[in-house]
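**Q** Structure, please.
(2 chains)
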Amino acid sequence: MQIKVNEQDLPLEENVSLGTIRDRIKPDADLLIVNGFPASVETLLKNDDQVILIKRGEIPGAEELDALLTARHTPGVHAIVKGATIGIAGVGGLGSAIAIALARTGIGQLIIADFDLVEPSNLNRQQYFIDQIGLPKVYALRDTLARINPQVRVTACQLRLTPENIAAVFGHAQILVEAFDLAEQKVMLIENFASRFPDRPIVAGSGMAGYGPANTVLTQQVARNLYLCGDATTAAAPGTGLMAPRVGVAAHHQANAVLRLLLAENPVKEGKF
Amino acid sequence: MEIIFNGKARDVQDGICIQELLDQMQLDCMQLVVEHNNNIIPQQRLTETPLNNGDALEVIHFVGGG
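**A** Model prediction:
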C-alpha cells in the first residue's frame, strides 16, 4: 500500500502504526495528523492515508513548506493559480484583504500599487498592524504576505497611479483588481486599463460602506470585461463609514471573482463561460 | 433614433454624442464608466463619440469607499 507523509509519497507495508512512521521520519514531531484530524500514535495506517507530522513551532524548509501550504488546494486549481499574475490597484480596506485572500489561494504573482502610508484610522478595516503605522502600505503588505505564503512573488509599487503609469505598472497583470477609495479614481483606473488592455478582465468594488446587510453585496457583470462587487449604491460618507465586516465581504467577492475568472468559471453564476 | 441604454430601449435625438446624452440626463461623468458597443470609452472621448441607431450604451455609476 501507499500513503503520503508531509505530502511525499511513501510505500508502506500493512499494519504499521502512526507512531512507527513518526519515529522513522520525524521523531521530534509532536502533532500527528491523519486525513485532516489529529490522531494517536497507536493509529494503524491504511492505504491512501495522508499523514502530516508537525513539530510545533518549527518552520519547515522551503520545499516541504510549499507542499504543506498547498496540501488543501484542489490539484488542478493550484497549478492554474500558481501561474497567474494579478494586479491590485489600491491596498486599503479592499486591496489589503484581497491580496491576503489571493496569497492564501496560492496566486503566483501579485502586483500591488498604492502611494499611501499606514495610519491608525486604517486599522478599523485594513489588514495592517499597529507596528506598521507610518510604513508605506505596499511594503507593509508585502511583509505580511511573505509571512503567510512566501511562495507568492509580490511586486510592490509605492506610487500614485495615473493615466500615464497604469499600463506600465500593470502591464503583466492578466486581471486587474480595482480597490481604490474615491469614485473618480475608480473610474480613471478602469477607463485607462480597459483602453489599453480591452480583453483583460477588471474586478471593481463599489458600494460597501456602513453596516447594512451583507446579503446586498453582489458580484455583477456590468460591462463586457468589467465585474462590480458591492451593493453599487452605499457610498462612504459622514455617518456611513467603512467598516471591516462589509468591506471584507466586498473584498472577498472580488477575490472570489478573480479566482473564478482564472478557472474559466463565470464569476456571477454557477458554470463555465 | 433608438439606442439600448443599460439594457433598455431608449429614444435619443439623431447624431447626439455620448457626452451630450449624459449631460441631458444630468449624470456626472466623473463617477461613471461608459461602455459603448462593448468598449469602455475614456471621458475625454465622450464628446467625440457619436451615437448611432441601435448602439448599446452601458453606464455604470461608481460610489466611493474601499
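
**Q** Tell me how many other residues crowd residue 15.
**A** In the absence of a named chain, this looks at chain A. Counted with other CB atoms under 10 Å in any protein chain shown, the neighbours of A:Asn15 add up to 9. (Glycine included, C-beta is placed from N, CA and C.)

**Q** oops, I was thinking of chain B
**A** B:Gly15: 10 surrounding residues under other CB under 10 Å.

**Q** what's the pLDDT at the residue nearest to it when sequence neighbours are not counted?
**A** Spatial nearest neighbour of B:Gly15, chain neighbours left out: B:Pro50 (6.0 Å); criterion: CB to CB, 6 or more residues apart in numbering or on different chains. pLDDT, B:Pro50: 95.

**Q** Just grab the bridge partners of B:Pro50 for me.
**A** B:Cys17 (DSSP bridges).

**Q** looking at it, it is touching B:Ile16, isn't it?
**A** Yes. With contact defined as CB atoms under 8 Å, B:Pro50 and B:Ile16 form a contacting pair (7.2 Å).

**Q** tell me what the strand or helix carrying A:Ala99 is packed against?
**A** Taking DSSP states H and E as the definition, one finds A:Ala99 inside helix A:93-105. Helix A:93-105 is packed against strand A:85-89, strand A:109-113, helix A:137-148, strand A:175-178, helix A:244-262, with contacts defined by 3 or more CB pairs under 8 Å, 6 or more residues apart in numbering or on different chains; DSSP states H and E.

**Q** try 7 Å
**A** strand A:85-89, strand A:109-113, helix A:137-148, helix A:244-262 (3 or more CB pairs under 7 Å, 6 or more residues apart in numbering or on different chains; DSSP states H and E).

**Q** Other residues contacting the third one?
**A** With CB atoms under 7 Å, 6 or more residues apart in numbering or on different chains as the contact definition, helix A:137-148 has outside contacts at A:91, A:96, A:99-100, A:103-104, A:112-114, A:116-118, A:127-128, A:132, A:152, A:154, A:156-158.

**Q** Contact partners for B:Arg38?
**A** One thing to correct before we go on: residue B:38 is Asn, not Arg. Contacts of B:Asn38 by CB under 7 Å, 6+ apart are A:Arg224.

**Q** quick one: the strands in chain B?
**A** Secondary structure of chain B (DSSP state E): strands at B:2-5, B:8-11, B:32-36, B:39-41, B:56-61.

**Q** So which of the ones you listed is nearest A:Val222?
**A** Taking CB to CB, strand B:56-61 is the member of these nearest to A:Val222, at 4.7 Å.

**Q** angle of the closest one against strand B:32-36?
**A** Between strand B:56-61 and strand B:32-36, the angle comes out at 170 degrees (axes from the mean of the first three to the mean of the last three CA atoms, to 10 degrees).

**Q** Give me the sheet partners of strand B:56-61 and which way each runs.
**A** Going by DSSP bridges, the partners of strand B:56-61 are strand B:2-5 (parallel), strand B:32-36 (antiparallel).

**Q** Identify the residues contacting stretch A:78-87?
**A** A:70, A:102, A:105-111, A:170, A:172-177, A:258, A:262-263.

**Q** in it, what counts as buried?
**A** Across stretch A:78-87, burial judged by 16 or more other CB atoms under 10 Å in any protein chain shown covers A:His78, A:Ile80, A:Val81, A:Lys82, A:Ala84, A:Thr85, A:Ile86, A:Gly87.

**Q** which residues sit in contact with the closest residue in space to A:Leu135 that isn't next to it in sequence?
**A** Nearest residue to A:Leu135, sequence neighbours excluded (CB to CB, 6+ apart): A:Val118, at 5.3 Å. Taking CB under 7 Å, 6+ apart as the criterion, A:Val118 is in contact with A:Tyr128, A:Gln132, A:Ile133, A:Gly134, A:Leu135, A:Lys137, A:Ala140.

**Q** Got a quick ChimeraX command for the buried subset of those?
**A** Remark: buried members of those, expressed as a ChimeraX selection using 16+ other CB under 10 Å:
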select /A:128,132,135,137,140
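
**Q** Chain A contacts on chain B?
**A** B:30-33, B:35, B:38-40, B:42-43, B:58, B:60, B:62-66 (CB under 7 Å from any CB of the partner chain).

**Q** mind running it again at 10 Å?
**A** With the criterion set to CB under 10 Å from any CB of the partner chain, chain B comes near chain A through B:6, B:28-45, B:58-66.
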